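Enquirer: this one's structure only:
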Ligand SMILES: [Mn+2]
């Protein structure tokens, strides 16, 4: 289902405030944001009238069926795609065209075809729109979060001595997909033993053993929207060092959650978690930023890093995922996806934080 409100919001931002009078969107995820279905090749937003979407014959019937409110143009295999767009841009009397992203050679060719209009690379208006999730997006992300929670429930059941990492991943992914999730938002991480100390520890055929730390980092998608969640388990009785690291990460994650609200900067939130972990003596082992934005992409703005001083706005969705990774020993990460509100944040991923599986 296309999102004409989002197209209108783009026109308001880019045309009325940004000085453009046309917007050409090539990035596939940006197209998905406006259209709600994949498979289109370009989207041209003119100053007046319907936006045009360009689609090859393989996806033409789907685009006609689903692209209500858009002018759907078939691009034939032997046709010059850029020339077709350029002609339309000129016909619409566009004088200053924004293009979101393009390879260098295609850019040169486009400029050649266009002739007159001034062209600028610009993605900031779409980025700002995508940063603040509307009600439809929040609904989908809520569902993606619930489905991810179902996957984590499965992890609680299947993480045990003798289980292989990829068997755990398979059970998690089955639990999510069998309840209506799309493909995973990223490759599931089930990293046990020493591999848990690698933040992107992957998922291998290693058998989980008694006493292992096991980092489980997973994300379902729901209608193209992503979610991101991590829990860490100890199989068997945790050692005092494992328990201490776990408790430190847990409190740091909770502190950042409690400080999270619109108007606080990403850097401030990163500092809340980092200060606590540093005071506990593990600062050197927290080797990544606090988190990242989530939406149609699992990693998108805003970056939740110490260098991002921008204030978070209500309606943005970010992760809160501090970690401690001790090489040769193991690692702990705890992550939830948060929806930022005016007075606080809401967890879109929920589920127990037990260190020990069921
Ligand atoms: Mn993450």
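Expert: Alright, I've got the coordinates. The structure displayed is predicted, hence computed values, not measured ones.

Enquirer: check which residues of the worst-scoring helix or strand of the chain on mean pLDDT are buried.
Expert: Using mean pLDDT, DSSP states H and E, helix 104-114 stands out as the lowest-scoring helix or strand of the chain, at a mean of 88. For helix 104-114, the neighbour count (16 or more other Cβ atoms under 10 Å) marks 107, 109, 110, 113, 114 as buried. Where you see a C-beta, it was placed from the backbone N, CA and C, and this is true even at glycine.

Enquirer: swap in stretch 165-175?
Expert: Quick answer for stretch 165-175 (16+ other Cβ under 10 Å): 165, 167, 168, 169, 170, 171, 172, 173, 175.

Enquirer: quick check: the second one vs residue 149, distance?
Expert: With the distance defined as Cβ to Cβ, to the nearest Å, residue 167 ends up 20 Å from residue 149.

Enquirer: how distant is stretch 52-64 from the center of its chain?
Expert: 26 Å (Cα atoms, centre = their mean, to the nearest Å).

Enquirer: try stretch 275-286
Expert: Distance, centroid of stretch 275-286 to centroid of chain: 27 Å (Cα atoms, centre = their mean).

Enquirer: could you number the chain from 371 rather than 1 from now on?
Expert: Renumbered: residue one is now 371, and that last one reads stretch 645-656.

Enquirer: what average pLDDT does it get?
Expert: Computed over stretch 645-656, the mean pLDDT rounds to 98.

Enquirer: picking that back up, centre of the chain to the helix or strand following the least confident helix or strand of the chain, how far?
Expert: Per DSSP states H and E, the first helix or strand lying C-terminal to helix 474-484 is strand 488-491. Mean C-alpha position of strand 488-491 versus that of the full chain (Cα atoms, centre = their mean) differs by 28 Å.

Enquirer: list the strands paired with strand 488-491, with their directions.
Expert: Looking at strand 488-491 with DSSP bridges, its partner strands are strand 466-469 (parallel).

Enquirer: show residues contacting the strand it pairs with.
Expert: Contact with strand 466-469 is made by 384, 388-394, 396, 459, 477, 480, 484, 487-492, 495, as judged by Cβ atoms under 8 Å, 6 or more residues apart in numbering.

Enquirer: run the last query once more with 6 Å
Expert: Strand 466-469 has contacts (Cβ atoms under 6 Å, 6 or more residues apart in numbering) with 384, 390, 391, 392, 393, 394, 487, 488, 489, 490, 491, 492.

Enquirer: one step back: now render the buried residues of stretch 535-545 as CSV, adding pLDDT.
Expert: Putting these into CSV (pLDDT from 0 to 100) gives the following:
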residue, pLDDT
535, 97
537, 97
538, 97
539, 98
540, 98
541, 98
542, 98
543, 98
545, 98
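
Enquirer: just curious, which of these is nearest to residue 606?
Expert: Ranked by distance to residue 606 (Cβ to Cβ), the buried residues of stretch 535-545 are led by residue 538 at 15.9 Å.

Enquirer: now the element after the helix or strand hosting that closest one, going C-ward?
Expert: Applying DSSP H and E as the criterion places residue 538 in helix 535-547. Using DSSP H and E, the helix or strand that directly follows helix 535-547 along the chain is strand 559-562.

Enquirer: just the element for the residue positioned nearest the centre of the chain, please.
Expert: Nearest residue to the geometric centre of the chain (Cα atoms, centre = their mean): residue 668, 2.2 Å. Assigned by DSSP H and E, residue 668 falls within no helix or strand.
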